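Engineer: quick one, fold the following:
(chains A and B)
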Amino acid sequence: MILGKVVGTVVTTISHPHYNNRRLLVVQPMVTEGETADGDFIAVDHAQAGIGDTVLVNREGNGARQVLNLPNGCIISVIVGIVDMVKMDAK
Amino acid sequence: MLFGRVHGTAVCTVKYPGTEGIKLLVVQPLNKDLEPTDVLQVAADVVQAGIGDLCVMVRSREAALAMPEIQFVPVDLALVGIVDELFVRPHGDFDYTLKPGSTHYT
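Structural biologist: Numbering: from 1, shown residues only, chains lettered A, B, ... in the order given. Okay, here's the model as predicted:
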């Protein structure tokens, strides 16, 4: 799983049935000092996250299918948690 | 899952059995600021997207799972949604770096 920051929302009226009444959020992965932030992606919200939240994202299909209870769901990234605090060592 | 802009269509008469009837679209993967991030690729379409549409795409095994009938097909990029509204905060709004020590996020 990765730490990411929710930076946007996506509205799609026409979408695959597995995406029905699920919110799509744009997530930017967090980076360490000195790295540039890129490689943003879209994730299905499963933790009521909003823009500006720091979230935990599961980017593996199997995990997504189990979390969303869709046996053959076509979803890869799922927001599974909202982060309260991160503690990093000094290096 | 990522954004993609449809630039054209691809027609394939001779192809892997099971992928008949799946529309193939030429797409350009994009990032959140709608800038190209990769070369043009061909995606299987299940949401009837047209040329010029901004879509949500899914890669790898999940693209094959998005197919309507047979899910065991050699498809690794599928269009699973057509974007109607996209709202992204400008780049400088958030700090994406993980700082040493403990950081509390309200």
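Engineer: next up, the contacts around residue 74.
Structural biologist: Unless you meant another one, I'm taking chain A. By CB atoms under 8 Å, 6 or more residues apart in numbering or on different chains, A:Cys74 lies in contact with A:His16, A:His18, B:Val58, B:Glu62, B:Ala63, B:Leu65, B:Ala66, B:Ala78, B:Val80. Placement of C-beta: from N, CA and C, glycine included.
Engineer: my question was about chain B, not that one.
Structural biologist: Per CB under 8 Å, 6+ apart, neighbours of B:Pro74: B:Tyr16, B:Thr19, B:Ala64.
Engineer: just the pLDDT at it, thanks.
Structural biologist: With respect to pLDDT, B:Pro74 scores 93.
Engineer: ditto for the one 3 residues further on
Structural biologist: pLDDT for B:Leu77: 96.
Engineer: cool, and A:Lys91?
Structural biologist: The per-residue pLDDT of A:Lys91 was computed as 69.
Engineer: right, is stretch B:27-47 up against chain A?
Structural biologist: Yes - judged by CB under 8 Å from any CB of the partner chain, stretch B:27-47 comes into contact with chain A at B:Asn31, B:Lys32, B:Val46, B:Val47.
Engineer: now these: which count as buried?
Structural biologist: Applying 16 or more other CB atoms under 10 Å in any protein chain shown to the residues of stretch B:27-47 next to chain A, the neighbour count classes B:Asn31, B:Lys32, B:Val46, B:Val47 as buried.
Engineer: distance of the last one from A:Val10?
Structural biologist: Taking CB to CB, to the nearest Å as the measure, B:Val47 and A:Val10 are separated by 14 Å.
Engineer: overlap of the contact sets of the two?
Structural biologist: Between them, B:Val47 and A:Val10 share the contacting residues B:Gly81, judged by CB under 8 Å, 6+ apart.
Engineer: avg pLDDT for stretch B:59-69?
Structural biologist: Stretch B:59-69 comes out at a mean pLDDT of 92.
Engineer: from the chain's centre, how far out does it sit?
Structural biologist: Distance of stretch B:59-69 from its chain centroid, counting by CA atoms, centre = their mean, to the nearest Å, is 12 Å.
Engineer: now do the buried residues in it.
Structural biologist: In stretch B:59-69, the ones that count as buried by 16+ other CB under 10 Å are B:Arg59, B:Glu62, B:Ala63, B:Ala64, B:Leu65, B:Ala66, B:Met67.
Engineer: does the strand or helix carrying B:Thr9 reach chain A?
Structural biologist: Using DSSP states H and E, B:Thr9 sits in strand B:2-10. Yes - interface with chain A: strand B:2-10 contributes B:Leu2, B:Phe3 (CB under 8 Å from any CB).
Engineer: what is that strand packed up against?
Structural biologist: Here strand B:2-10 touches strand A:41-45, strand B:23-30, strand B:54-59, going by 3 or more CB pairs under 8 Å, 6 or more residues apart in numbering or on different chains; DSSP states H and E.
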